[in-house]
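Undergrad: this is a predicted model, with the sequence first.
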Amino acid sequence: MDKSSLIGMIIGVVCLGIVFYEVSHGHFAMFISTEGFLMVGGGSVSVVFIAMPMEKIKKVPGYVRRFLFNKSKETTEVVALMNTLSEKARREGILSLEADIQKINDPFLASGLKMAIDGAAPDIIEQTLRMEVMAMQERHKAGKKFFDLIKVYGPGWGLVGTLVGQVGLFGKLGGAIDEMGHALAVAVVATMYGAVIANAVAGPIGDKLALRSGDEILGREMMLQGILSIQAGDNPRVTLDKMLAFVPQTDRKKLKIAA
């Protein structure tokens with residue numbers, strides 16, 4: 001599981017729990033509103049179904065898994081891997097990499113190396129792999145879009161719940177005080193639900209997915225350039241320099257790769 005996501009969730013839940021306890025003196029039931037939950041939760045779900053096609057909605061569990069578990073390689077890992085492959089290809093020939101394809105758990109890299117070994121033209125390899133990157137970008141956009149919809153419309157439905165609660169409050173001005181209090185609680189709690197779901201859940205998840213998408217695109221661009229360099233028969237040092245061009249100066253010191 002992604003450590004930073006877990007740490008962030010724990011901090012958020014603990015802080016929220018402490019504040020809830022201090023305000024309610026342990027009576028957490030005052031923060032529970034069936035009407036507010038239906039308004040914000042149900043409303044947000046309805047927006048997602050309206051705005052997204054069903055085939056994208058079916059992939060929501062995958063979006064959540066991608067947020068919790070990051071399987072993409074770090075740039076330093078990509079540099080080390082491509083440098084190893086380049087040195088082997090230089091020593092034993094590009095055909096020697098065929099045995100390594102089975103050990104590579106990245107379909108993108110394995111596919112590119114296979115095309116290079118089979119003698120495909122460099123422009124064909126680049127075109128094919130860039131189409132894969134483009135398709136991946138579209139899939140990632142769908143994941144971020146899901147959480148962006150909740151982030152945008154969750155607070156909106158919370159506002160609707162507030163307005164409904166206020167209407168109920170005004171309609172009971174001449175009634176019992178407990179009925180007025182219930183209507184006012186619905187109004188306030190609905191707004192709280194909308195704010196929490198947007199700022200503590202959907203917003204951060206969408207932003208992290210966007211960052212991970214950018215990191216994965218960078219990693220695949222590095223792999224693409226490495227594959228083309230290996231196929232061209234470049235010196236491993238040249239391939240390494242191309243890889244290091246994608247890595248920040250501060251991270252290059254962490255790489256312990258033999259020149």
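TA: Ah, there it is.

Undergrad: around the closest residue in space to Ser24 that isn't next to it in sequence, how many other residues sit close by?
TA: Nearest non-adjacent residue to Ser24, counting by Cβ to Cβ, 6 or more residues apart in numbering: Met30, 5.3 Å away. (Each C-beta comes from the backbone N, C-alpha and C, glycine too.) If you count neighbours by other Cβ atoms under 10 Å, Met30 ends up with 12.

Undergrad: what about Met30, distance to Leu38?
TA: 18 Å (Cβ to Cβ, to the nearest Å).

Undergrad: any idea how far Ile217 is from the residue nearest to Ser24?
TA: For Met30, the distance to Ile217 equals 46 Å [Cβ to Cβ].

Undergrad: could you do Met131 as well?
TA: Distance from Met131 to Ile217, by Cβ to Cβ: 13 Å.

Undergrad: what about these two, which has more around it?
TA: Ile217 (16 against 10).

Undergrad: give me the pLDDT for the more buried one.
TA: Listed pLDDT for Ile217 reads 91.

Undergrad: which SSE is it in?
TA: Using DSSP states H and E, the element containing Ile217 is helix 203-231.

Undergrad: mind listing what's buried in that helix?
TA: Going by neighbour count (16 or more other Cβ atoms under 10 Å), the buried part of helix 203-231 is 203-206, 208-210, 212-213, 216-217, 219-220, 222-231.

Undergrad: my guess is the residue nearest to Ser24 contacts Ala185, does it?
TA: Yes: assessed by Cβ atoms under 8 Å, Met30 is found in contact with Ala185 at 7.2 Å.

Undergrad: so Val48 is in which element?
TA: Remark: Val48 resides in helix 43-51, with elements defined by DSSP H and E.

Undergrad: can you give the domain ranges for this structure?
TA: Using automatic domain parsing, the domain ranges for the chain come out as 1-31, 33-259.

Undergrad: tell me which of those sits most buried.
TA: domain 33-259 (a mean of 16; mean count of other Cβ atoms under 10 Å).
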